[in-house]
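Chemist: Based on what follows, work out the 3D shape:
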Amino acid sequence: MTTGSAIAARGLRKSYGDKTVLDGIDLTVPDGTIFSLLGPNGAGKTTAVKILSTLISADAGDLRIGGQDPATDARAVRAAIGVTGQFSAVDGLITGEENMLLMADLHHLSKKEGRRVAAGLLERFDLTEAAKKPAATYSGGMKRRLDIAMTLVGSPQIIFLDEPTTGLDPRARHDMWQIIRELVTGGVTVFLTTQYLEEADQLADRIAVLNGGKIVAEGTAGELKRIVPGGHVRLRFSDPAAYRSATAALSDAVRDDAALALQIPGDGSQRDLRVLLDRLDAAGIEADELTVRTPDLDDVFFALTGPAATVPHQPKEALR
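Modeler: Residues are numbered from 1 along each chain as shown. Sure, this is the predicted structure:
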């Protein structure tokens, strides 16, 4: 197993009856990073997270969480991790402070230590003013902050966040992103599953795409985007004569006669744009609008997991 890895898995397999859910996946998550697992419904994400967080056991494979083997030392692994699910574990009938103190009791902290830890986390997550109010009165963003604060009572080294911003408005979502970044700055490792591809793009140091029980690609967001074709520059003209001249000069462009627009393949790099602009200048052509379009994680997701996928599945080694 790799040293310096918060999570290291090799050949994880899991089946239910004759259905193989995980088909020998490998995952390595370095300490102090954000790792995001993406995949369509039914790809095996939930099963993978349940295995990594010791809720169920794999049928086969080698696994270390925080350097420990959950098969032989599950207690040590559970002491090192925290899990925040898609659905809040907050009890709405009691106050935010009481939720925190209940969690402190579960971690066997003394009453004095529990109150100290609870007060510190409530302040850290901007919940001090609301601490004495029933959690049922909290907004969705406040409940999410309280949920994560409760997870941190036990000082976990690794936190599993399962769709932590589902149902939040854009402002609350961005606030949660900042909290997640601060957790990592503080030395925590975050394993993130999300239905928002922009979220993985913004947060994750590395991303793995799971499909059909296999890891079909892994890398940084930038590396994943580069394996998908489709980047282009779009030129739009208001003058039909200029459009005709550009069409003649740029024989490799895809035409859109109705919109007076041309689409030229390219990766959006500075060098690519300079070459295109030089071609336009040489022909004396000036476009009214130039738009650069590069593949995003949505393109990667659909290309690697859709029924009409045209991009070959990339082994993660190819992206390192």
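Chemist: secondary structure class for the spatially most central residue of the chain?
Modeler: Centroid check for the chain by Cα atoms, centre = their mean gives residue 200 as the closest residue, at 2.8 Å. With DSSP: H, G, I helix; E, B strand; the rest coil as the basis, residue 200 sits in helix.
Chemist: Would you mind listing the residues in contact with it?
Modeler: 36, 38, 192, 194, 207, 221, 297 (Cβ atoms under 8 Å, 6 or more residues apart in numbering). C-beta: built from backbone N, CA, C; applies to glycine.
Chemist: secondary structure element for the first one?
Modeler: Which is residue 36. strand 34-38 (DSSP states H and E).
Chemist: partners of that strand, with directions?
Modeler: Strands adjacent to strand 34-38 in the sheet, as given by DSSP bridges, are strand 189-193 (parallel), strand 206-211 (parallel).
Chemist: one step back: distance check, the residue nearest to the centre of the chain against residue 62.
Modeler: Residue 200 sits 26 Å away from residue 62, going by Cβ to Cβ, to the nearest Å.
Chemist: now, which of the contacts of residue 200 sits nearest residue 56?
Modeler: Distance to residue 56, by Cβ to Cβ, is smallest for residue 192 among the contacts of residue 200, at 19.7 Å.
Chemist: Now do the contacts for the residue of the chain positioned farthest from its centre.
Modeler: The C-alpha centroid of the chain is most remote from residue 241, which lies 46.6 Å away (Cα atoms, centre = their mean). By Cβ under 8 Å, 6+ apart, no residues touch residue 241.
Chemist: Can you pull the domain assignment for this protein?
Modeler: Structurally, the chain divides into domains by automatic domain parsing as follows: 5-90+138-226, 232-293.
Chemist: show me what contacts residue 44?
Modeler: Going by Cβ under 8 Å, 6+ apart, residue 44 touches 14, 21-22, 25, 210, 212-213.
Chemist: Sorry, wrong one. I was asking about residue 133.
Modeler: 95-96.
Chemist: what's the longest helix in the chain?
Modeler: Criterion DSSP state H: the longest helix present in the chain is helix 170-185.
Chemist: Can I get the strands paired with strand 34-38 in JSON lines including mean neighbour count?
Modeler: Output for the strands paired with strand 34-38, formatted as JSON lines (neighbours: other Cβ atoms under 10 Å):
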{"stretch": "strand 189-193", "mean neighbour count": "24"}
{"stretch": "strand 206-211", "mean neighbour count": "24"}
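Chemist: just so I know, which of these lies nearest residue 277?
Modeler: Nearest of the strands paired with strand 34-38 to residue 277, taken as Cβ to Cβ: strand 206-211 at 32.8 Å.
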